[in-house]
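Give the three-dimensional model of this entry:
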Amino acid sequence: MKNTIMALGSALLLSGTVTAQKVAFEEFDLDNGMHVILHNDNSAPVVITSVMYHVGAKDEQADRTGFAHFFEHLLFEGTKNIQRGEWFKIVTSNGGTNNANTTDDRTYYFEVFPSNNLELGLWMESERLMHPVINQIGVDTQNEVVKEEKRLRVDNQPYGNLLAEVKKSMFKKHPYRWATIGSMEHLDAAKLEEFQAFNKKFYIPNNAVLVVAGQFDNAQAKDWIKKYFGSIPKGAPITRQTYTEDPITSGIKAEYVDSNIQVPMVVSAYRTPSMKTRDARVLDMISTYLTDGKSSKLYKKIVDEKKMALQVGAFSFSQEDYGMYIIYGMPLGQTATSAILKECDDEIVKLQTELISEKDLTKLKNKFENNYVNSNSSVEGVAENLASYYLLYGDVNLVNTEIDIYRSITREEIRDVAKKYLNPNQRLLLDYVPSKDKQN
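Below you'll find the model as predicted:
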C-alpha cells in the first residue's frame with residue numbers, strides 16, 4: 001500500500017525547494033489484457049520484476065474474510081515447475097530477494113535480482129500466475145503461518161486491533177469494515193475449492209500490472225515478457241460491486257478492551273474520500289501539520305509543553321474507495337483522555353476558522369517535497385509507485401505529477417477541508433482501554 005503520512009515522521013525538513021529527476025517509463029498492453037510498465041535505471045546493476053494484482057480484502061465475501069492476505073502467502077507454495085519449498089531457495093541462490101504485501105485494495109509481489117537475472121524473475125512471476133499449485137497441503141501449511149502472524153502482529157501486539165476496531169465502526173456496508181488479515185474461523189471453514197475459485201477469478205493477467213524496473217535492455221525485456229506472459233489466457237471480466245456508505249451525521253461511540261496494554265488510548269476517526277481526490281491530499285497535509293514531528297502543533301502543545309500525553313498522532317489512511325482520518329492520544333499520568341481530546345479538537349477548530357501561516361505552509365510543502373524525493377529514490381520504490389498509480393489511480397504519470405497537487409494546495413483549502421470533514425458529528429470516538437486488571 002502507499003505509505004501513510006505517518007511515514008513522514010522520520011523525514012528531514014528541507015531548507016529549500018527540492019527537485020527530483022523525472023521518472024521515465026514505457027507502458028503497453030499484452031493481448032491478454034496484462035498491462036506492462038518498463039522503467040530503466042542504470043544507477044545500479046539490479047532489476048526488479050513485480051506484479052500487482054487488483055485484489056485485496058475488499059474483494060472478499062463477508063463470511064470468507066482474509067483470502068487476499070492468505071494468497072499473499074499461498075502463492076509462494078510452488079508451481080507446476082517450481083517444487084514446493086523451492087521458491088525462496090531459487091531466489092536466494094541467484095543473489096536475489098523477494099517479498100509480497102496485501103492491502104484492502106491490492107496485492108503486490110516482487111523480486112530484486114542482479115540485472116543478469118531478469119529472465120529468471122519474469123519466468124518465476126509468470127509461473128505464479130499461470131501454474132500455481134493450490135492443494136490441501138499448501139492451504140493447511142499457510143493457514144498455520146497466517147494464524148501465527150495474527151497472533152504475533154495483532155492478538156498479542158499492544159494496540160494491535162486499533163485499526164480493525166476503527167474500521168468496524170466506520171464502515172457498515174463497504175468491505176473495508178473487516179481487517180485485512182481476516183478471520184481465522186473463515187479460513188478454517190473454507191474448502192479447497194473456494195481457494196481455487198478465488199485464484200481463478202482474481203489472479204489473471206487482465207487484473208494485473210507487470211513492472212520491470214532497473215538495469216535491463218528494453219528490446220530483450222519485451223521479448224521475454226511476451227514469451228513468458230503472452231500465452232497466459234485472459235481471465236473472465238471481473239464485475240465489482242459498488243458500496244456507498246451513508247454519511248455519518250451523528251457521532252459514533254465505541255469501546256475496545258485490549259489485555260495487552262496498560263495505558264488507554266483515545267481515538268477520534270473521520271471517514272474521508274478516496275485517495276484519488278484532491279481533498280485526500282489536503283488531509284495528508286493536515287495530518288502532517290498536526291502531528292508530524294516534535295515541532296508539529298499537537299505534539300508541541302500536548303506532549304512537549306503541557307505534558308499531558310505520552311504520545312499523540314494523526315494520519316490519513318487513504319484507500320481506493322474511501323479513507324479515514326485518525327487522531328489518537330495516550331495520556332500521561334492522571335490526565336484524562338477527554339482532556340487530550342479537547343486539546344485536539346481545539347486545534348482542529350483553529351484550522352477550521354483561521355488560516356495557517358505562510359511559514360507553516362512552506363514547511364509543509366518542503367516536507368512533502370522531501371517525501372516525494374525519498375519515495376522515488378530507490379528503484380524498488382519507483383517500481384511500486386508505478387504499479388500503484390496505474391492500478392489504483394488510473395494514471396501512471398502521477399509518479400511525476402502528484403507532487404504538483406501538493407505544491408498547489410492553499411491555506412484556504414486546508415481550512416475548508418478541515419471544515420468539511422473534521423466535525424464532531426461526523427466522527428467515531430473510540431475508547432481503547434486496558435482490561436481492568438491492567439488498569440492502575
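
Verify the stated contact: Asn376 with Val23.
Yes - counting by Cβ atoms under 8 Å, Asn376 does reach Val23; the two are 5.9 Å apart. Every C-beta, even on glycine, is put in place using the N, C-alpha and C of the backbone.

what are the ranges of the strands in the protein?
Here the chain has its strands, by DSSP state E, at 26-29, 35-40, 46-53, 97-102, 107-114, 208-214, 252-258, 265-273, 309-318, 322-331, 427-434.

how about the ones you listed in TSV, adding mean neighbour count?
What follows is the strands of the chain, written out as TSV (neighbours: other Cβ atoms under 10 Å):
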stretch	mean neighbour count
strand 26-29	13
strand 35-40	20
strand 46-53	26
strand 97-102	17
strand 107-114	22
strand 208-214	27
strand 252-258	15
strand 265-273	23
strand 309-318	23
strand 322-331	24
strand 427-434	20
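
For the closest residue to Val433 other than its chain neighbours, give me the pLDDT.
Nearest residue to Val433 in three dimensions, chain neighbours excluded: Pro264, at 4.5 Å (Cβ to Cβ, 6 or more residues apart in numbering). In this model, Pro264 is scored at 96, pLDDT.

I'd like the distance between Ala219 and Phe198.
Using Cβ to Cβ, to the nearest Å, we find Ala219 at a distance of 37 Å from Phe198.

so what sits against both of Asn376 and Val23?
Listed as contacting both Asn376 and Val23 by Cβ atoms under 8 Å, 6 or more residues apart in numbering are Val382, Asn385, Val399.

Write the ChimeraX selection for whichever of those are buried.
Buried residues within the shared contacts of Asn376 and Val23, by 16 or more other Cβ atoms under 10 Å, are selected in ChimeraX with:
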select :382,385,399
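
and which of the shared contacts of Asn376 and Val23 is nearest to Ser169?
Ser169 lies nearest to Asn385 out of the shared contacts of Asn376 and Val23, by Cβ to Cβ, at 31.5 Å.

Quick one: residues contacting the spatially closest residue to Leu310 that is not a sequence neighbour.
Among residues not flanking Leu310 along the chain, Met330 sits closest, at 4.5 Å (Cβ to Cβ, 6+ apart). By Cβ under 8 Å, 6+ apart, the contact set of Met330 is Val263, Pro264, Met265, Ala309, Leu310, Gln311, Val312.

does the last one really touch Ile302, like I thought?
Yes - in this structure Val312 lies within contact range of Ile302 using Cβ under 8 Å: 5.1 Å.

what sits in contact with each of those two?
If you check Val312 and Ile302 against Cβ under 8 Å, 6+ apart, the residues they both contact are Gly329, Ile340, Cys344.

Quick one: neighbours of Ala24, just the number.
11 (other Cβ atoms under 10 Å).

which residues does it contact?
Ala24 touches His39, Asn40, counting by Cβ under 8 Å, 6+ apart.

quick one: Trp123 and Ala68, what's the gap?
24 Å.

Neighbour count for those two, which is higher?
For Trp123 and Ala68, the more surrounded residue by other Cβ under 10 Å is Ala68, and the numbers stand at 25 against 19.

which residues does the more buried one contact?
Contacts of Ala68 by Cβ under 8 Å, 6+ apart are Val55, Gly56, Ala57, Asp59, Glu60, Thr102, Thr107, Thr180, Phe202.

pretty sure the second one is in contact with Thr103, am I right?
Yes - using Cβ under 8 Å as the test, Gly56 is close enough to Thr103 to be in contact (5.2 Å).

Now that the residue nearest to Val433 has come up, it's in contact with Asp431, right?
Yes - contact criterion Cβ under 8 Å: Pro264 and Asp431 qualify, at 6.8 Å.

okay, and the common contacts of the two?
Any residue near both Pro264 and Asp431 by Cβ under 8 Å, 6+ apart counts here, and that gives Thr337.

what about Asn135, neighbour count?
For Asn135, using other Cβ under 10 Å, the count is 15.

any low-confidence regions in the stretch 51-200 of the chain?
Counting by pLDDT under 70, the stretch 51-200 of the chain shows no low-confidence range.

where do the helices sit along it?
With helices called from DSSP state H, counting those that start in this stretch, the stretch 51-200 of the chain shows them at 67-74, 87-93, 118-130, 136-150, 162-170, 184-189, 192-202.
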